[in-house]
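Trainee: Just need the structure, nothing else, for what follows:
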Amino acid sequence: MTASPRVSVIMAVHNEERFLAEAVESVLAQSFSDFELLISDDGSTDATPALARSFADSDPERVRVLRGEHNQGKPFALNRALEVRRGELIAWLDGDDVMLPNKL
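Mentor: Presented below is the predicted three-dimensional model:
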């Protein structure tokens, strides 16, 4: 990935531990590779933060985690990610969704 990837994939998540791994893996498996993935955790109280961090630790070039200590709502979590995104283009993905391999 370059310092300025073409696409920033932004996920706002809250208590998504049941679905997060599949969602993140679907992004990392994209046929297009010039992207970053920003996981903006909105004060989750389950294993979501640890799971998100494990993906960032295993792929620090592409995955970043932003952590809010308290739930402030999806718009707040999305805006937090938008403020630090590096990509020219934005793609949204919910924490309980998946991307088909050629989505980007």
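Trainee: Now do the closest residue in space to A3 that isn't next to it in sequence against A50, distance only.
Mentor: Excluding the flanking residues, the one nearest A3 by CB to CB, 6 or more residues apart in numbering is R86, at 6.9 Å. Where C-beta positions appear, they are placed from N, C-alpha and C, glycine not excepted. Distance, R86 to A50, by CB to CB, to the nearest Å: 25 Å.
Trainee: of those two, who's got more company?
Mentor: Shown here are R86 and A50; by other CB atoms under 10 Å, R86 has more neighbours (16 against 10).
Trainee: thought the more buried one was touching S8?
Mentor: Yes - under the criterion of CB atoms under 8 Å, R86 makes contact with S8 at 6.3 Å.
Trainee: and the residue positioned nearest the centre of the chain, what are its bridge partners?
Mentor: Nearest residue to the geometric centre of the chain (CA atoms, centre = their mean): I39, 2.9 Å. Beta-bridge partners of I39, counted by DSSP bridges, are M11, V65.
Trainee: and it, what is it in contact with?
Mentor: I39 makes contacts with M11, V13, L20, V24, A52, F55, A56, V63, R64, V65, L66, G95, as judged by CB atoms under 8 Å, 6 or more residues apart in numbering.
Trainee: residues in contact with the residue nearest to A3?
Mentor: A3, S4, P5, S8, E36.
Trainee: wait, the second one sits on G87?
Mentor: Yes - the pair formed by S4 and G87 meets the contact definition of CB under 8 Å, at 7.2 Å.
Trainee: Give me the contact list for stretch 50-66.
Mentor: 1, 13, 17, 20-21, 24, 28, 35-41, 49, 77, 80-81, 84.
Trainee: In ChimeraX, how would I select the buried members of these?
Mentor: Restricted to buried positions by 16 or more other CB atoms under 10 Å, the ChimeraX selection for these reads:
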select :1,13,17,20,24,28,35,36,37,38,39,40,41,49,77,80,81
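Trainee: Sounds good, over and out.
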